[in-house]
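Asks: got a predicted structure plus its sequence, pasted below:
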Amino acid sequence: MVQRTLPEKLSILADAAKYDASCASSGGERRGSRDGKGIGSTTGAGICHAWAPDGRCISLLKVLLTNFCIYDCAYCINRVSSRVERARFSVEEVVSLTLEFYRRNYIEGLFLSSGIIRSPDDTMSEMVRVARTLREREHFRGYIHLKTIPDAAPELIAEAGKWADRLSINVELPTETALTQLAPEKSVQTIHGAMAEVKARGEAAKDRTARGTRAPRFAPAGQSTQMIVGADPATDGEILRKSSHLYNRFALRRVYYSAFSPIPDASRMLPLIQPPLVREHRLYQADWLMRNYGFDATEIAPPTGMLDLQIDPKLAWALAHRALFPVDVNRAPREMLLRIPGIGPRSVERILKARRHRTLRYEDLLAIGCVLKHAEPFITLPGWSPRALPDDANLRARFAPAPEQLSLF
Amino acid sequence: MQITLPRIGTVAAWRQQVRKLAAAGIDPQAVIWSVGAAAPDLFATAAPAPGVATPLMLSLEAVDGIEMALLHSDPERFSRAHALVLRLSKREVRWGDRSDPLMRRLLDQQKAVGREIHKMHGFVRFREVSPPGANRRAFAAWFEPDHPVLEAAAPFFARRFGDMDWLIATPTLTARCEAGEMRIEETEARQPPPKDAAEELWRVYFASIFNPARLMVKAMKSHMPQKYWKNLPEADLIPDLIRSAETRVRAMHDPSAPAPETLPGGRMRKKLR
C-alpha cells in the first residue's frame, strides 16, 4: 500500500468523520491546567472555534482512527464495499494532531471514531489507547469524546469511560427492520445493551460506597447517539418515539439527527435523493420541545405522521389546540407559558420573575424578548387582546410561507 | 468635572471613583468620563458642589452585570452605569427590569460584551514562537475585538494553557502569560505573529470536515461574522469551498464517476502531494 502523508491521512479521515453530527464539547466536569502540569481545560459550556460553510460548528477535532472497515452498512461511506480512499492514523499521529491543534486554540478537544478493523475489541482498544496516552502521558485536560463500538468488551467500555468526557453509541436507524436491512452486522440488542452498560457505569461513578470511597470516574458528560433520517421510510412520529424511549431508558444527553446525505459511491439500496434539510431541522425543534418544554413525543407527531415542514412543531401544536388559547400571561402557570409560540424558556423565566412585582403589559413582552409576531394570536394581557384571532380559519396562513407557483418549465 | 480612567484596570478604577462620587453626593450628569489620555473638556469646571451622599447597596448580580457592561465600547457607558448604580441603590429601579430603558440598554450591552468574550475564546488563533532551546513552548496571537474585553477574556487562556507561555495582542492592550504569571500591558507591536507549520494542517482539516451537500452559508456567517475572518487562518478557504460545493455534490450523484474524484477534499489532497 502507498504510504500516505499526514495531510493526506487527515484529509481522508476527517472527510470520513463528517457524517457524525455531534460536535458538542459541553457538559461534564470543570477542569483546568493553571497548575502548569498539563494542558487544557473544560468550562462545562463548550466553545465553537469555527464554522464550516455547511453551517455546522467546529469544536472538536473530529476524525476516524481508520476508515478501513469490515462492516457493510449501506448508508456509510466507509463500508467495506465502498470504493473510497482508505487511510489509517497511528495512535501517536492522533495524539500529536490533537495537542498541536489544541495549543493553537483551534479546538476544544478530540472526537474519535473508527471503522472496524480486525475485530471490535481490537479497534476499541486502539481508540482507548489514544485517550489514555492523551490523559496519562500528555496530561491533556481538554474534551474527549469517544465513539464506542457496541460489540466491544465491557472492560474496554469501562476504560473508555475512564478517559473520555462523553461516550456515544449510534443507534443509526430508527427502526429494527431498517437496521437489519441496511446494517446487517449490527443489532438493536447489542446497541441497547452497550447503552445500558454506559448508563449503569455512569450512575455508579456518581455514587459513594458506605465508606465514602468513589467509584472510578466515568464519562462525566454522559452519552449521546445519532440517527440517520431519510435513509429508511420511518416517519417523524416513529423517530420521535424512538428518541423519547432512548432519553428515558438510557438517560441520553442528546439524540442527534442526521439527514441522510448522498455520499460518494453510494449503495444502490439507498435513495439518491436527499431528504429536505428542513426535516432534520424540524426534528431538532421537536426534540428540543421534548427536552426543554415538557412536551411528550405523542403530542408533537402522531405515530404515523410527519412534522409540518412549513411551520415549527410548537406553532403546529398550538394551532391544533386552539381551545386552550388565548393564555393569560399574567396568570398562566409555567407549563402553559412554555406552550405559547414565540415564548421560550428564558422569556418564561423573565415573565415569572417580573410578574412577582407587577402586572405585565404588552410592551413588557417586547422588552423581555418574546417573538410577538408568533405569540400575539395566543395571548391576552393588558394592552393586547387577540379578539377572534385564535379562531381565525386563516391563522396558519399568517405563519406559513406564501404558496409558490409551480414552474411550467 | 472630568475623570480619566486608566486603560488597564478601567473597571476597578471606575468603581473606586463612583464610590467617592456617591459619598460626595455628586450628580452623575456633572461627570465626564474618558479612558486613557483624554482631550481636555472645554467646559470642565472644578469639582461640583457636593450634594447628599447616597449609600451604595447593590446585589452581586447587579455588580457583575454592570462590570461586564462597562467593557462595551460605547463612550457613554460610564455615565450610564453611574446613574444606574445610584438609582438601583435608591431602589428606583429593579435589577433586570427590562421595561426601564436605561436598564435595558445596559443589559443589552452586557450581552454584547458576553458574546464578544465568548467569540474571543473561540477565535483567537495562536502561532508558535518558541525560541530555540527553550524548555517551555511559546505561542502568540493577534486579535481585534469590537469591545475592550481583553482583561475579562484573558483568564480563560491562563486556565487552559497552563504548560505553555502565550501572548495575545489587541490593538490597545496585550495579555502576556509567562511561567504561569499573567499580566496586562500596553501593546507594542500592532501586527500578527508569523505563520507556523501546523496552520496548513488545520486548513486541510477545515476543508475536509465541510459537507458540500449541506451548504448553509447564512448560518455560518451568523455565527462567524466576516469581521473575524481576517485573523482566522482557515477563512480564506471559504469562498472556494462554497463555489465548488455544487459540482462536488453533482459528482456524488453520478455512480459512474471514478471514486477518488468524487471524494470531497480530493482536490486539496492532490495539491498536497
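Replies: Here it is on my side, so go on.

Asks: who are the neighbours in contact with the closest residue to residue A:243 other than its chain neighbours?
Replies: Using Cβ to Cβ, 6 or more residues apart in numbering or on different chains and skipping the chain neighbours, the partner closest in space to residue A:243 is residue A:255 (4.4 Å). (Each C-beta comes from the backbone N, C-alpha and C, glycine too.) Taking Cβ atoms under 8 Å, 6 or more residues apart in numbering or on different chains, we find residue A:255 in contact with A:224-227, A:243, A:246-247, A:287.

Asks: adding distance to residue B:203, secondary structure and neighbour count, write these out as CSV.
Replies: Formatted as CSV, these follow (distance: Cβ to Cβ, whole Å; DSSP: H, G, I helix; E, B strand; the rest coil; neighbours: other Cβ atoms under 10 Å in any protein chain shown):
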residue, distance to residue B:203, secondary structure, neighbour count
A:224, 29, strand, 22
A:225, 31, strand, 23
A:226, 27, strand, 20
A:227, 32, strand, 21
A:243, 36, helix, 25
A:246, 37, helix, 21
A:247, 38, helix, 18
A:287, 34, helix, 23
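
Asks: any chance of JSON lines for those residues, columns pLDDT and distance to residue A:71?
Replies: What follows is the contacts of residue A:255, written out as JSON lines (pLDDT from 0 to 100; distance: Cβ to Cβ, whole Å):
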{"residue": "A:224", "pLDDT": "94", "distance to residue A:71": "21"}
{"residue": "A:225", "pLDDT": "94", "distance to residue A:71": "18"}
{"residue": "A:226", "pLDDT": "93", "distance to residue A:71": "16"}
{"residue": "A:227", "pLDDT": "93", "distance to residue A:71": "18"}
{"residue": "A:243", "pLDDT": "95", "distance to residue A:71": "24"}
{"residue": "A:246", "pLDDT": "94", "distance to residue A:71": "22"}
{"residue": "A:247", "pLDDT": "95", "distance to residue A:71": "27"}
{"residue": "A:287", "pLDDT": "96", "distance to residue A:71": "27"}
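
Asks: between those, which is nearest chain B?
Replies: Of all these, residue A:226 has the smallest distance to chain B: 14.3 Å, by Cβ to the nearest Cβ.

Asks: the closest one and residue A:20 touch, don't they?
Replies: Yes - with contact defined as Cβ atoms under 8 Å, residue A:226 counts as touching residue A:20 (6.3 Å).

Asks: need the residues touching each of those two.
Replies: Residues touching both residue A:226 and residue A:20 by Cβ under 8 Å, 6+ apart: A:170, A:256, A:258.

Asks: from these, which is closest to chain B?
Replies: Out of these, the member with the shortest distance to chain B (by Cβ to the nearest Cβ) is residue A:258, at 9.8 Å.

Asks: which bits of the stretch 251-400 of chain A sit near chain B?
Replies: Counting by Cβ under 8 Å from any Cβ of the partner chain, the stretch 251-400 of chain A comes close to chain B at A:259, A:261-266, A:272, A:274, A:277, A:350, A:353-354, A:357, A:363-364, A:367-369.

Asks: in helices, which of the residues you listed appear?
Replies: With DSSP state H as the criterion, helices contain A:277, A:350, A:353-354, A:363-364, A:367-368 from among those.

Asks: closest to residue A:180 among the residues you listed?
Replies: residue A:277 (27.3 Å; Cβ to Cβ).

Asks: and the gap between the closest one and residue A:313?
Replies: For residue A:277, the distance to residue A:313 (Cβ to Cβ, to the nearest Å) stands at 16 Å.

Asks: and the average pLDDT for the helix or strand residue B:246 falls within is what?
Replies: Element membership of residue B:246, judged by DSSP states H and E, is helix B:238-253. In this model, helix B:238-253 carries a mean pLDDT of 88.

Asks: that helix - contacts with which helices or strands?
Replies: On a contact count with 3 or more Cβ pairs under 8 Å, 6 or more residues apart in numbering or on different chains; DSSP states H and E, helix B:238-253 meets helix B:259-262.

Asks: how does it look with 10 Å?
Replies: The elements that helix B:238-253 packs onto, with contact taken as 3 or more Cβ pairs under 10 Å, 6 or more residues apart in numbering or on different chains; DSSP states H and E, are helix B:198-209, helix B:217-223, helix B:259-262, helix B:266-272.

Asks: avg pLDDT for the shortest one?
Replies: Going back to what we said before, that points to helix B:259-262. Averaging pLDDT along helix B:259-262 gives 40.

Asks: where do the strands of the stretch 201-350 of chain A begin and end?
Replies: Ranges of strands in the stretch 201-350 of chain A, per DSSP state E, counting those that start in this stretch, are A:223-229, A:254-259, A:327-328.
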